[in-house]
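**Student:** Build me a model:
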Amino acid sequence: MSTLSLRIPRSLHEQIRHLAKREGISINQFVASAAAEKMTALLTEEYIEARAKKGCVKKFEKVLKKVPDSEPEHYDKI
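**Tutor:** Residues are numbered from 1 along each chain as shown. Model prediction:
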């Protein structure tokens, strides 16, 4: 475990304190969880972009042709 000194606006600190208390966790746990969520989102974006670069339009179109041409279910219509 390591220590991180962080300067944030007082209003943000108060909101974090309130939310952490409401969730029954420490401020440290709240901030660590928030950082992990952000990191996961960014890494997921990078992963998807890397996978997309490996994609092949011709293979995609070949697979897409296997999908039956039919009306979507009523709950899937826009």
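
**Student:** which residue is nearest the centroid of this protein?
**Tutor:** Ala41 (3.5 Å; Cα atoms, centre = their mean).

**Student:** so which helix or strand takes in that residue?
**Tutor:** helix 27-53 (DSSP states H and E).

**Student:** got the contact list for Gln15?
**Tutor:** For Gln15, the contact set (Cβ atoms under 8 Å, 6 or more residues apart in numbering) is empty. To be clear about C-beta, it is placed using only N, CA and C from the backbone, and glycine gets the same treatment.

**Student:** how far away is it from His74?
**Tutor:** From Gln15 across to His74, the span is 42 Å (Cβ to Cβ, to the nearest Å).

**Student:** repeat for Ile25
**Tutor:** 43 Å.

**Student:** Looking at those two, which is more packed in?
**Tutor:** Taking other Cβ atoms under 10 Å, Ile25 and His74 do not tie; Ile25 has more neighbours (14 against 6).

**Student:** And for the nearest residue to that one once chain neighbours are set aside, the neighbour number?
**Tutor:** Using Cβ to Cβ, 6 or more residues apart in numbering and skipping the chain neighbours, the partner closest in space to Ile25 is Ser33 (7.7 Å). Close neighbours of Ser33, defined as other Cβ under 10 Å, add up to 13.

**Student:** How about Leu42?
**Tutor:** Leu42: 10 neighbours (other Cβ under 10 Å).

**Student:** can you check Ser2 too?
**Tutor:** 3.

**Student:** Now do the same for it: helix, strand or coil?
**Tutor:** Three-state assignment for Ser2 (DSSP: H, G, I helix; E, B strand; the rest coil): coil.

**Student:** is it true that Ile16 touches Val31?
**Tutor:** Yes - if you go by Cβ atoms under 8 Å, Ile16 and Val31 touch, sitting 6.7 Å apart.

**Student:** The residue nearest to the centre of the chain: what's it in contact with?
**Tutor:** No residues are in contact with Ala41 under the rule Cβ under 8 Å, 6+ apart.

**Student:** Relative to Ala36, how far out is Ile8?
**Tutor:** From Ile8 to Ala36 the distance is 17 Å (Cβ to Cβ).
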